[in-house]
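Student: here are the coordinates; sequence isn't available:
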């Protein structure tokens with residue numbers, strides 16, 4: 001009987017924890033920077049940050065930029081730099 005009481009208490013606790021408790025939402029995208037400034041912050045910031053946000057490390061980002069430039073992509077298209085275009089694509 002004691003084991004059943006303990007099991008019911010555990011199940012009740014887990015149910016309340018998983019389904020009834022409300023967690024406070026915390027904003028994820030809080031950077032004041034947008035566009036070009038955000039991409040340059042990633043490029044010049046901590047190496048783990050560019051990997052976390054774009055999924056590739058800085059060296060791979062630079063190599064992709066070189067490939068794009070070798071294939072004739074302009075440095076800027078409609079005011080959007082190639083770095084920013086690549087960052088948007090990878091994000």
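Tutor: Looks like it arrived, so ask away. Bear in mind the structure is a predicted one, so any value in this text is a computation, not a measurement. Residues are numbered from 1 along each chain as shown.
Student: Which parts of the chain are strands?
Tutor: Secondary structure of the chain (DSSP state E): strands located at 76-77, 80-81.
Student: For residue 9, find the nearest of those strands.
Tutor: Across the strands of the chain, residue 9 has its closest neighbour in strand 80-81 (58.7 Å, Cβ to Cβ). (Glycine included, C-beta is placed from N, CA and C.)
Student: from the middle of its chain, how far away would the closest one be?
Tutor: Distance of strand 80-81 from its chain centroid, counting by Cα atoms, centre = their mean, to the nearest Å, is 21 Å.
Student: quick one: contacts for residue 58?
Tutor: Contact analysis of residue 58 by Cβ atoms under 8 Å, 6 or more residues apart in numbering lists 43, 47, 50, 51.
Student: got a list of what the residue lying closest to the third one once chain neighbours are set aside touches?
Tutor: Closest residue to residue 50 in three dimensions, ignoring its sequence neighbours and counting by Cβ to Cβ, 6 or more residues apart in numbering: residue 42, at 4.5 Å. Shown in contact with residue 42 (Cβ under 8 Å, 6+ apart): 49, 50, 53, 54, 87.
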